[in-house]
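Enquirer: pasted the sequence and its predicted model underneath.
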Amino acid sequence: MNIRIAFHRLLLTLCFSVLFAFPYCLTHANTIVAKTGECERVITVKIEIYSDLNPLVWTDEELAAMDEDTRKRITELMASHTSYGEADLKKIADEWQAEIESVWNGPTDEQVKDAAEDLGVSEEDRKSAANGGNDELRKKLDERAREMMAAAGGEAACTEINCCKIYFKAEVKLRGAEPTPGYHQVEVMVKGYRSNVTSKDGKVENNHGGTTGRWGYDPNNAWDASCAHETGHLMGLGDEYHEGGGNNEGHDHDVMTGSYGWPQEDSLQDILGIGGAECDCCPKDDRASGLFQRFGSTYRTAGDALLTNNCPVLRQLKDDYEAQLGNAMAAPISMTDKANLVNRIKQNLEKVRTALLDCDPPQENLLLGSDLQEWCRFTPEEMIPIPIPGPGDDPRDIPIGGPATTPGDSDDPSDVPGDDGDGPRDTPVPGDQPGGTPPGGGLITVTPGGGGGDDPKDVPPPEDDDPSDVPVPPIYVNVKATSTALTSGAAASDISGLQIKLYPSEVANPTLPAPGGAKDTDSGAGDDPVQGVTGEDGTVRIAADPTVLGLNGNTPSDMTVEMNIDPTITGLVVPKGTDLPGYDEPDEIVGIGSDTFKIYYVPNVLAETLVGDTVEINICGEKKPLGRGSYSLAVLPPGAALPGATISLQGMAGGAP
Amino acid sequence: MRRALSSVIVHKENAVRVSKCWRWLAGIGIAPLLLLVSVALFAENNDAVPADFTISLQSAPLNSVNPLETESIVVKADGTAQLSAGQGNDGPLQAMQISLSAQDVKAIFDATQRLDFFTLAPEYVDPDIIDGDYAAIEVTANGKTHKVRTQNIHVVDFDILAMTVNARVPFERQVLYNALRDNDVKKVKR
């Protein structure tokens, strides 16, 4: 009876032991993953450190197998070992805690990749930084990635993946007389000691191992990155490097490859998975792609507008970028995407804002003949004047490609404010443009200081000019745009809806202003254009300051500029030194800025097939001075084919209307 | 007085004769002895070390992807020793070449023989250690080459040879690895 009772008690004890021991084995007490919110996790790693001077001891027999010089060197080596006192260990604990939290709460490898692109750091250099070969660059990349995250609303105290905030806490403290249960035990080793952790069969998967370690400490090196790598093991991560050299694909900059790298988002998910607290709060639809697509669709527009300092377009871009920025900040997308997108938008927005400093205050009813997507592509039949959004208009309605990306913004992105429901490249609808082509297709008259359709930049010099100056009356430039359809041989036809911009040029081949750069006030090439949009008969009548046109002292009251263009031809621009397949000699060789390009004129139907990495449609063309002395004009057209267009002064007949 | 003087002279002459005799005898007897000793010493210092003898000692952290973290010493039979760049107490150390004496080269070569290096296993690993470092020694002698790699383990015969090499270079230039510093590392004789 007693034996049976004893047996049952033993069995009961064994069962309880298994019950208590089993969960402990499965859940690793030393690394705790806590779910502190639906989209928030806290990972806590507990580490106790200690110092135990225990250098390698050689036996007498082993020493006897050595020569005298070797024995002497071993004595010196043993004497060089040092142990750390309590004050040292406390300092080390603080340093390691800060470094572990800095790395694991810091930018991910993916975020640093974006920072590297932002800084123009090559893949090779980034790899060198991640391998400890360039501490300065590593620090720079890390800081830039943190800046980008902060700008996107990220917290410095945590990292963020899958729209979840992940807080890493490292509790590093000194060990007492005995190890504290629940803490990883790490022995602090001498400088030069290669840090490691101990685990069953070298495996740390599922967090069954990696509970102890020996980490080297270099008092002269403020940044000892290996502690972050080893902590990765303590949290259950494996190595990503190969012992024979190299590393797993895609892990070149991973902290689990080289100690100086950054945590990868997959690794963070693995840690959450090991702790049984996965987290994914991002919507399943790919909203980031939509936002990036929308941003990308304005990229070329912005570049062109900055290059030509097109103030009306810049104003629209500013509104649009601000709207995009708000959308990106609010969008439930990954922090990596968000930081990258926000950074790009902010950079462009800053450039646009800087460029706008050179613009006059916005005017209402300003005519702008452009297609906002590719405003400088010359497609007369598709040109459409777009009014500045009026009160109540949603700036997000600006016709920019890409899907609607903000919840609640159900507008069709292809919509154009005030359009007739067709695409953004619709033929101009008179009713859409205040001051647009008048019924009957007459000339568009742009009168300084006048009402609808005026360009405020066409007015004479500002009032703060020398008061002794006598106001110069405007002259009127009549521009007629016709096509002689060179390739088809068809009769010339008038082109309506074409934006005409006339730039004075007193120097040959003036360089284009750089994006965001100051205007060239010396040559006059940076002055705002005299502009208008041709009516149905292909003509436009533009009022202009004769001094702007270089007509001082011999001012005609009216003159005609005739443009001869071929809408069936597209200009392609190719860097000099690059061949255009199927074409021998270029039609022109032009200088744009300090670079030289070849211009080919090809039929439109072929142009699209030739466009590639080094062949682009000559969207904006370049300023082409006509070499007519003080009467010379250059055209900075909104069309790609216009570099080949010519403008000639046909006459100066007639008086002011 | 004169007799006495001549007696002294005779003694002196005899002494000279005796002295010459001993010198002659010594010349016959010692010269070959010296020759033998010299030959023996020469043979010991030079001939015993094969002309193709080369030993390289190398170590690096396992998780190092930075080539600069790999430290090495390469000693050749002619005494040239190539020391890799490394990290000293006062900053980076540049790669350099030094000359070892014939006795030093001989001591290293003798250690390879005494420790029977060529019969060591190609690799020793403690599988329970993650990261840490490795050490490798490659010896070429008499047309044969053998390489041994240890990873996070104290292999006594291997480590004695490593310290024999280390003892011949400046202290800061030693190739040290965990097994040479830490008594807690797993230990095997060979």
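Expert: Looks like it arrived, so ask away. This one's a predicted model, so the numbers in the text were calculated from it and none came from an experiment.
Enquirer: quick check: next helix or strand after the worst-scoring helix or strand of chain B on mean pLDDT?
Expert: Lowest by mean pLDDT, DSSP states H and E among the helices and strands of chain B is helix B:2-42, with a mean of 51. As assigned by DSSP states H and E, the chain's next helix or strand after helix B:2-42 is strand B:54-61.
Enquirer: run the chain-centre distance for that next one.
Expert: Distance of strand B:54-61 from the chain centroid (Cα atoms, centre = their mean, to the nearest Å) equals 16 Å.
Enquirer: need the contact partners of it.
Expert: Outside strand B:54-61, the residues that touch it by Cβ atoms under 8 Å, 6 or more residues apart in numbering or on different chains are A:194, B:69-77, B:108-109, B:112, B:131-141, B:162, B:165-166, B:175-177. Yep, even glycine has a C-beta here, placed from its N, CA and C like the rest.
Enquirer: my read is that A:P586 contacts A:V615, right?
Expert: No: using Cβ atoms under 8 Å, A:P586 is not in contact with A:V615, being 11.6 Å away.
Enquirer: out of the contacts of strand B:54-61, which sit inside strands?
Expert: If you go by DSSP state E, the contacts of strand B:54-61 have B:71-76, B:131, B:133-141 in strands.
Enquirer: near chain A too, which of those?
Expert: Counting by Cβ under 8 Å from any Cβ of the partner chain, B:131, B:133-134 from the ones in strands among the contacts of strand B:54-61 sit close to chain A.
Enquirer: quick check: buried residues in the helix or strand hosting A:F168?
Expert: Following DSSP H and E, one finds A:F168 within strand A:164-174. Residues of strand A:164-174 classed as buried: A:164-173 (neighbour count, 16 or more other Cβ atoms under 10 Å in any protein chain shown).
Enquirer: so where is chain A shaky, pLDDT-wise?
Expert: Scanning chain A with the threshold set as pLDDT under 70 gives A:1-29, A:200-210, A:222-224, A:360-571, A:590-597, A:604-605, A:608, A:613-614, A:616-657.
Enquirer: mind checking the SS state of A:D218?
Expert: Counting by DSSP: H, G, I helix; E, B strand; the rest coil, the backbone at A:D218 sits in coil.
Enquirer: quick one: it from B:F109, how far?
Expert: Applying Cβ to Cβ, to the nearest Å, the value for A:D218 to B:F109 is 35 Å.
Enquirer: again, but for A:D52
Expert: According to Cβ to Cβ, A:D52 and B:F109 sit 38 Å apart.
Enquirer: who has more neighbours out of those two?
Expert: Using other Cβ atoms under 10 Å in any protein chain shown, the more surrounded residue of A:D52 and B:F109 is B:F109, with 20 against 13.
Enquirer: give me the domain ranges for chain B.
Expert: B:2-44, B:54-188 (automatic domain parsing).
Enquirer: not counting its neighbours along the chain, what's nearest A:L272?
Expert: A:E278 (5.1 Å; Cβ to Cβ, 6 or more residues apart in numbering or on different chains).
Enquirer: so stretch B:169-177, near chain A or not?
Expert: Yes: with Cβ under 8 Å from any Cβ as the criterion, chain A is reached by stretch B:169-177 at B:171, B:174, B:176-177.
Enquirer: dump those residues to CSV, plus distance to B:A95 and pLDDT.
Expert: Output for the residues of stretch B:169-177 next to chain A, formatted as CSV (distance: Cβ to Cβ, whole Å; pLDDT from 0 to 100):
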residue, distance to B:A95, pLDDT
B:F171, 17, 94
B:Q174, 15, 95
B:L176, 17, 95
B:Y177, 19, 96
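Enquirer: which residue does the stretch 351-500 of chain A bring closest to chain B?
Expert: Here the residue of the stretch 351-500 of chain A nearest chain B is A:K351; by Cβ to the nearest Cβ that distance is 38.2 Å.
Enquirer: between the helix or strand containing that residue and strand A:164-174, how many degrees?
Expert: A:K351 belongs to helix A:335-356 when assigned by DSSP H and E. On the basis of axes from the mean of the first three to the mean of the last three Cα atoms, to 10 degrees, helix A:335-356 is oriented at 110 degrees to strand A:164-174.
Enquirer: elements contacting helix A:335-356?
Expert: When contacts are defined as 3 or more Cβ pairs under 8 Å, 6 or more residues apart in numbering or on different chains; DSSP states H and E, helix A:335-356 packs onto helix A:109-119, helix A:135-151, strand A:159-161, helix A:287-308, helix A:311-330.
Enquirer: buried sites along the longest one?
Expert: Taking 16+ other Cβ under 10 Å as the neighbour-count basis, helix A:287-308 is seen to contain the buried residues A:287-288, A:290-292, A:294-295, A:297-298, A:300-308.
Enquirer: what do you get for stretch B:120-137?
Expert: Applying a neighbour-count criterion of 16+ other Cβ under 10 Å, one finds B:120, B:124, B:126, B:128-137 buried in stretch B:120-137.
Enquirer: reformat the residues you listed as JSON lines; add distance to A:G154 and pLDDT.
Expert: Shown next, in JSON lines, are the buried residues of stretch B:120-137 (distance: Cβ to Cβ, whole Å; pLDDT from 0 to 100):
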{"residue": "B:L120", "distance to A:G154": "54", "pLDDT": "97"}
{"residue": "B:Y124", "distance to A:G154": "47", "pLDDT": "97"}
{"residue": "B:D126", "distance to A:G154": "42", "pLDDT": "94"}
{"residue": "B:D128", "distance to A:G154": "39", "pLDDT": "89"}
{"residue": "B:I129", "distance to A:G154": "37", "pLDDT": "92"}
{"residue": "B:I130", "distance to A:G154": "32", "pLDDT": "91"}
{"residue": "B:D131", "distance to A:G154": "31", "pLDDT": "92"}
{"residue": "B:G132", "distance to A:G154": "35", "pLDDT": "93"}
{"residue": "B:D133", "distance to A:G154": "37", "pLDDT": "94"}
{"residue": "B:Y134", "distance to A:G154": "40", "pLDDT": "95"}
{"residue": "B:A135", "distance to A:G154": "44", "pLDDT": "97"}
{"residue": "B:A136", "distance to A:G154": "45", "pLDDT": "97"}
{"residue": "B:I137", "distance to A:G154": "50", "pLDDT": "98"}
